[in-house]
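[1] Predicted model follows, preceded by the sequence.
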Amino acid sequence: MKKLIALFAVSTMASTAAVAGVALSGAASVSYDDNGTAASATTYDADISIVGTNGGTTVTIGMDVDAGADITGVDMATKIGPITIAADMHNDVESTSAVDDGSGTRKASGEGSEPNPDDTSVTISLDLPIGDATVGLDNSGDVTIGGTFAGVTIAHTIKDGSDTTTGSAAIAGMDVSITNKAGDSTWSIGTTVSGVALTLNSGNDITAAFGLAGNTMTVSHFGADAQVHMDAKVWTVDAVAAYSTVAITRDLTSGSALTATYSSLDDSLTLKAAVSF
């Protein structure tokens, strides 16, 4: 009997240790949009993320559960000294159907007029600290040099035909970031003035967020976007005129958050209840 109790105790400890290495998180929301003059619509979204950790190895599984239980990603990352190995083990079904994701980018990893029918991959990268900088090399041949110098964080990626340089710093109470990709530069500035959080970027987008009677009110203006034409790598995105939004969010005692958003783009009002765990 004592042996049985001892065996049960060991089994319980082993199970507890296994569970302790697994983290579960997720989010769910339901939105009602009157769509202005168009027909109203109700949409749903629910996602779950499972992260398992054993030492320096991590496995992440993502699931979209509002319309079944579809796996959205399975990734594993581990390290062997200065070498990091990352494996994407999930083949995105949408990558085989050339679906436009609405932002001018393909969901497939392949290039050319047709997407890659299998976007699973293994990436091996090497990170070596050299003084205050770190030099990285991955299996695609991209070299990244980055570090923080006098409060300024800089990273430069050497890639055939599309070098990318990013820089960010906190200057006089402002968070400034600049990105140059293949000669095209973008920037953003964020700061807080009298309790109002302000952001401004190179696309003429500006956002102001502040507290209002127990709520958070966010006023945003988005500059006009020109049409992005499809080439060998991206889909066409239609041009969008400049528009503004006003969103009021309130955290409820139930643990969820209720958000009402008005958009001048289509004169619509959207009510959204969301919860994260």
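    Great, that's in hand. Residues are numbered from 1 along each chain as shown.

[2] Sketch out the low-pLDDT regions of the stretch 151-277 of the chain for me.
    Applying pLDDT under 70 to the stretch 151-277 of the chain picks out residues 230-235.

[3] What segments of it are helices?
    Using DSSP state H, counting those that start in this stretch, no helices are found in the stretch 151-277 of the chain.

[4] Would you mind finding the longest strand in this protein?
    strand 41-54 (DSSP state E).

[5] Which elements pack onto that one?
    When contacts are defined as 3 or more Cβ pairs under 8 Å, 6 or more residues apart in numbering; DSSP states H and E, strand 41-54 packs onto strand 22-33, strand 57-64. Heads up, the C-betas are built off the backbone N, CA and C, glycines and all.

[6] Could you pull up the contacting residues of residue 244?
    Shown in contact with residue 244 (Cβ atoms under 8 Å, 6 or more residues apart in numbering): 219, 220, 221, 222, 263, 264.

[7] If you could redo that for residue 269, that was the one I meant.
    Contacts for residue 269 (Cβ under 8 Å, 6+ apart) come out as 33, 34, 260, 261, 262.

[8] Any quick PyMOL command for the buried ones out of the residues you listed?
    The command below creates a PyMOL selection of those among the contacts of residue 269 that count as buried (16 or more other Cβ atoms under 10 Å):
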select buried, resi 33+261
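
[9] Tell me how far residue 252 lies from residue 42.
    Remark: distance between residue 252 and residue 42 (Cβ to Cβ, to the nearest Å) = 19 Å.

[10] now swap in residue 146 and tell me
    Applying Cβ to Cβ, the value for residue 146 to residue 42 is 45 Å.

[11] out of the two, which sits in the more crowded spot?
    A count of neighbours by other Cβ atoms under 10 Å puts residue 146 above the other of residue 146 and residue 42, at 18 against 9.

[12] Can you give me every residue that contacts the closest residue to the more buried one other than its chain neighbours?
    Distances taken as Cβ to Cβ, 6 or more residues apart in numbering place residue 155 nearest to residue 146, at 3.5 Å, with adjacent residues excluded. For residue 155, the contacting residues are 144, 145, 146, 165, 166, 167, by Cβ under 8 Å, 6+ apart.

[13] Tell me how far residue 132 lies from residue 240.
    From residue 132 to residue 240 the distance is 42 Å (Cβ to Cβ).

[14] ditto for residue 212
    Distance from residue 212 to residue 240, counting by Cβ to Cβ: 28 Å.

[15] neighbour-wise, which of the two wins?
    The residue with more neighbours, out of residue 212 and residue 240, is residue 240; 13 against 10, by other Cβ under 10 Å.
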